[in-house]
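Undergrad: please work out how this folds:
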Amino acid sequence: MPSSIDEDGQSSLELDDSSQTQPTPPSPQSSGGTGVGINLQQAFMFRPNDSIMHNAGTVAIDPTPLITYDADGGAGPTAISGDALFHEQGEVQNDKEQAADGDDDVSWHHPISATKSYFSTLSSFFSWKFLSWLGLINFAVTGGVFTLVMSLGLPLFKELGIDASRQQLYMTLIMSPWAMKPFIGVASDLFPIRGYNKRYFAIYSILIGLVGCVVLLVLYHSGTTSRAVDQGSSAVQHLADIIVICFTAVSYESATLDILGEGKYSELMRKFPESGSSIISFKFGWALAGSIITQMYVGPLSDRGHWHVLFWIALALALSPLYPTIVGWLPEKKKTSEDPGITKVCPGVLFDKGSFLQKKIPFIVITVSGLAGPLLAAVTTYADLTIGLIASALMLVALALTTYFVFPRVVYNIILSVMLMSVSSPSIGSALSYFYTADEQCLPDGPHFNYTYYITLTGIVGSVVNFVAVVLYQSFMSTWRFRPALIFTIVVGSLAPIVDLIIVMRWNIKWGISDELFFLLGNAVFESLVTILIGIPMSSIFAKIAPPGMESAVFAYTVGITNFCNMLSGLLGSGIIEWSGMVTVGDNCNFDQLPYIIVLWKVLIPMLIGIPATFLIPNVLQTENLIDWEKERWYESEHEGVGTSDEDGEDVEDSRIEPHLL
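TA: Modelled structure (predicted):
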């Protein structure tokens, strides 16, 4: 059956109401892969390890375009091509039921035919303009300029003489816009600007990112940095603060475009679940490609001090989505004050009062959780570390109590488990990065890695390992129960820092193994492996605890809390580095306390707290539901009139409400 693409960027294929459900994976084995697509960007941003500082640009990718799930030798829904996707609705439903039997095997298709099938699937459901826009923002912004900025955090601040503790505070603050994604999603859905929920939020974020890049160019073209170093620590501190603001502006552009793109493709996936995870793979494929290419030149140019060249590249990348966004490549229908539930706030700004009243409490909770992280990160960085940590701990308790009173007990137990696992593994990535890249004056017997090796080579290796790890997880661990999968991840994640310990103690040199080889085969591989191992099951858990009708809102809330916990982990790690007395810059560095910190905070405590915390999570298979929402009867709107009904009188979803806040 042929299809066409309408103004909303989606296929106009007619489907009955039974298809308007949350997209489901084609088989039990693929549940991890679909989860990867939804939330591995969060794992890429924050996770209870130290990859923020080690491989900031590593992006995970879902390999399902090359995998097919089939019990009878034919292709499953995510692998079939062309018009074969358009079965009669009953046949599609039968395919889903067969895929749910749990007997499907994973088989490989030829890369060329699988790729053709993959792009045929994409073009059947998504317009070329939307695909172009999504690919561009992930290649140029998420995988490009954002990876560039995060990779430069180490060499730039280190050149200015900023110590490891302070640098980690800065990097945590720079990452804070990603913790704001739930708030950005709420704001864009409730306040259409000139009738559009997404377009002008995207344009404003791009302009903010451009301002950050322009200021950086001015600083590094005018000789401001060298003058600041000559003038002393006060001028350096002021310059570093400006750089942090500029980097945060670029991070805000990336985070905003990411959540707006997620909102649109989740809407289309919900409407056409037959599209499978093809759009997810498309997104992460372009982000991974952009990340690898960016890491190829960031390291060598950083070693040569060509900062202005890097910021010209950043400016071009940040600017690239502006025109496609202005002309409407991010498709959406224009709203007016005449639409049901829409009121006018001021010229050019509307308010979706109907959506807000329908789900007021979740909206408020999501908004608060989205703003808490950035505000506390700013307080901790620029006020007092101790006060900031105390305030962050109190906020964490408040979020836990809110979850307890607002959500079902199972959801509370899972969120509490995530909190414990995240906070029990404070990040010490800055101290390790400073150790690995210390020069001979700072650390005579250190590894002395240059940035070409530390950023470029290990980053590329990490990206490749990410892809392989997804395939391994789907092949071997996707059928495990959640609890043993998480325990295995915690154990592997706690053993990975032993590689750091061996290098810090210089034991590998005594064994005749060079630092470069031992780090590349050990740390670079383990860090990326743990990213996937923790990302896939947690993504699946977050998706499964979302109640019907509010899947993406609750998903955003859980991800927001996770990001907040990992921000707290970074702040706590900064405090540990500072309070340990380590000297990480200058001519007489002292890393004597680093081995003890690794053993205590990265090996022992994560296992002692993290493993018991997994027992708060139901021990069900990853292919089973975590919550029986038929019995739960959780959140029922007090404004039932806002919804609509179909011809049979059954409630259906209000089409005015964006999917990532439903």
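Undergrad: now stretch 398-408: buried residues?
TA: Leu399, Thr402, Thr403, Val406, Phe407, Pro408 (16 or more other CB atoms under 10 Å). Where C-beta positions appear, they are placed from N, C-alpha and C, glycine not excepted.
Undergrad: farthest pair in those?
TA: Of all pairs drawn from the buried residues of stretch 398-408, the widest gap by CB to CB lies between Leu399 and Pro408 and measures 16.0 Å.
Undergrad: now the strands for the stretch 101-250 of the chain?
TA: 105-108 (DSSP state E, counting those that start in this stretch).
Undergrad: tell me where it has helices.
TA: 111-125, 128-136, 147-159, 164-179, 181-190, 199-221, 224-231, 233-271 (DSSP state H, counting those that start in this stretch).
Undergrad: likewise the stretch 351-500 of the chain?
TA: 353-358, 360-382, 385-406, 409-423, 429-437, 451, 458-472, 482-495, 497-504.
Undergrad: could you dump those helices to TSV with mean pLDDT and distance to Ser120?
TA: Converted to TSV, these look like this (pLDDT from 0 to 100; distance: least, CB to CB, whole Å):
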stretch	mean pLDDT	distance to Ser120
helix 353-358	81	36
helix 360-382	78	37
helix 385-406	87	43
helix 409-423	89	38
helix 429-437	92	42
helix 451	93	42
helix 458-472	80	22
helix 482-495	90	34
helix 497-504	92	43
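Undergrad: of those, which approaches Gln168 most closely?
TA: Taking these one by one with CB to CB, helix 429-437 is closest: 3.8 Å.
Undergrad: what does that closest one rub up against?
TA: 50-54, 154-155, 158, 163-165, 167-168, 171, 443, 446-451, 454, 500, 503-504, 519, 573-574, 577, 582, 584-585, 589, 591, 594, 597 (CB atoms under 8 Å, 6 or more residues apart in numbering).
Undergrad: pull the distance from it to the chain's centre.
TA: 23 Å (CA atoms, centre = their mean, to the nearest Å).
Undergrad: likewise for stretch 190-199?
TA: 24 Å.
Undergrad: apart from its chain neighbours, what residue comes closest to Gly209?
TA: Glu253 (3.0 Å; CB to CB, 6 or more residues apart in numbering).
Undergrad: again with Pro618
TA: Leu626 (5.4 Å).
Undergrad: next: Leu604.
TA: According to CB to CB, 6+ apart, the nearest residue to Leu604 is Ser494 (7.8 Å).
Undergrad: so what's the one you found up against?
TA: Per CB under 8 Å, 6+ apart, neighbours of Ser494: Lys602, Val603, Leu604, Pro606, Met607, Gly610.
Undergrad: ok, and the most crowded of these?
TA: Counting neighbours by other CB atoms under 10 Å, Lys602 leads the contacts of Ser494 with 26 neighbours.
Undergrad: tell me the pLDDT at it?
TA: Predicted confidence (pLDDT) for Lys602: 90.
Undergrad: re earlier: among the contacts of Ser494, which are located in strands?
TA: Nothing among the contacts of Ser494 maps onto strands, per DSSP state E.
Undergrad: of the helices of the stretch 101-250 of the chain, which is nearest Ser355?
TA: Judging the helices of the stretch 101-250 of the chain by CB to CB, what sits closest to Ser355 is helix 181-190, at 6.5 Å.
Undergrad: the closest one to helix 233-271, inter-axis angle?
TA: Counting by axes from the mean of the first three to the mean of the last three CA atoms, to 10 degrees, helix 181-190 lies at 60 degrees to helix 233-271.
Undergrad: show the average pLDDT along helix 181-190.
TA: pLDDT averaged over helix 181-190 gives 83.
Undergrad: hmm, who's touching it?
TA: 197-198, 201, 255-256, 258-260, 263, 351-352, 355-356, 363, 366-367, 369-371, 556-557, 559-560, 563, 657-658, 660-661.
Undergrad: write the ChimeraX selection for whichever of those are buried.
TA: Selection of buried members from the contacts of helix 181-190 for ChimeraX, criterion 16+ other CB under 10 Å:
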select :197,198,201,255,256,258,259,260,263,351,352,355,356,363,366,367,369,370,371,556,557,559,560,563,657,658,660,661
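Undergrad: quick one: least confident helix or strand in the protein?
TA: Counting by mean pLDDT, DSSP states H and E, the weakest-scoring helix or strand in the chain turns out to be strand 67-70, with a mean of 30.
Undergrad: tell me which element the residue lying closest to Ile428 once chain neighbours are set aside falls in.
TA: Spatially, and ignoring its direct neighbours in sequence, Ile428 is nearest to Gly573 (4.8 Å; CB to CB, 6+ apart). Gly573 belongs to helix 551-579 when assigned by DSSP states H and E.
Undergrad: what's the following helix or strand after that helix?
TA: helix 594-597.
Undergrad: same question for that next one: list its buried residues.
TA: Buried-residue list, helix 594-597, by 16+ other CB under 10 Å: Leu594, Ile597.
Undergrad: what sits up against it?
TA: Ile428, Ala431, Leu432, Phe435, Leu501, Val504, Met505, Ile576, Ile577, Ser580, Met582.
Undergrad: could you pull up the contacting residues of the nearest residue to the fifth one once chain neighbours are set aside?
TA: Nearest residue to Leu501 in three dimensions, chain neighbours excluded: Ile598, at 4.9 Å (CB to CB, 6+ apart). With contacts defined as CB under 8 Å, 6+ apart, Ile598 is in contact with Ile428, Pro497, Asp500, Leu501, Val504.
Undergrad: same thing but 10 Å
TA: Ile428, Ala431, Leu432, Pro497, Ile498, Val499, Asp500, Leu501, Ile502, Val504, Met505, Leu604 (CB atoms under 10 Å, 6 or more residues apart in numbering).
Undergrad: thought Leu401 was touching Tyr412?
TA: Yes. If you go by CB atoms under 10 Å, Leu401 and Tyr412 touch, sitting 9.4 Å apart.
Undergrad: Ile534 versus Val525, what's the distance?
TA: As judged by CB to CB, to the nearest Å, Val525 and Ile534 stand 15 Å apart.
Undergrad: repeat that for Met395.
TA: 23 Å.
Undergrad: of the two, which one has the most company?
TA: Ile534 (22 against 18).
Undergrad: report pLDDT for that one.
TA: On the pLDDT scale, Ile534 gets 80.
Undergrad: that one: which element?
TA: Ile534 belongs to helix 523-544, assigned by DSSP H and E.
Undergrad: and the angle for that helix with helix 497-504?
TA: Using the same axes, to 10 degrees: helix 523-544 against helix 497-504 is 160 degrees.
Undergrad: how about helix 523-544 as CSV, C-alpha atoms only?
TA: Output of helix 523-544 as CSV, limited to C-alpha atoms (Å, rounded to 0.1, in the frame of the first residue of the first chain):
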residue,chain,number,x,y,z
ASN,A,523,40.6,1.6,30.6
ALA,A,524,39.4,2.7,27.1
VAL,A,525,37.6,-0.6,26.6
PHE,A,526,36.2,-1.1,30.1
GLU,A,527,34.8,2.5,30.4
SER,A,528,32.9,2.2,27.1
LEU,A,529,31.7,-1.3,28.0
VAL,A,530,30.3,-0.2,31.3
THR,A,531,28.5,2.7,29.6
ILE,A,532,26.5,0.2,27.6
LEU,A,533,26.0,-2.4,30.3
ILE,A,534,24.4,0.2,32.6
GLY,A,535,22.7,2.2,29.9
ILE,A,536,20.6,-0.6,28.3
PRO,A,537,18.9,-2.1,31.3
MET,A,538,18.3,1.3,33.0
SER,A,539,16.8,2.6,29.8
SER,A,540,14.5,-0.3,29.6
ILE,A,541,13.5,0.1,33.3
PHE,A,542,12.7,3.8,32.8
ALA,A,543,10.6,3.0,29.8
LYS,A,544,8.7,0.2,31.6
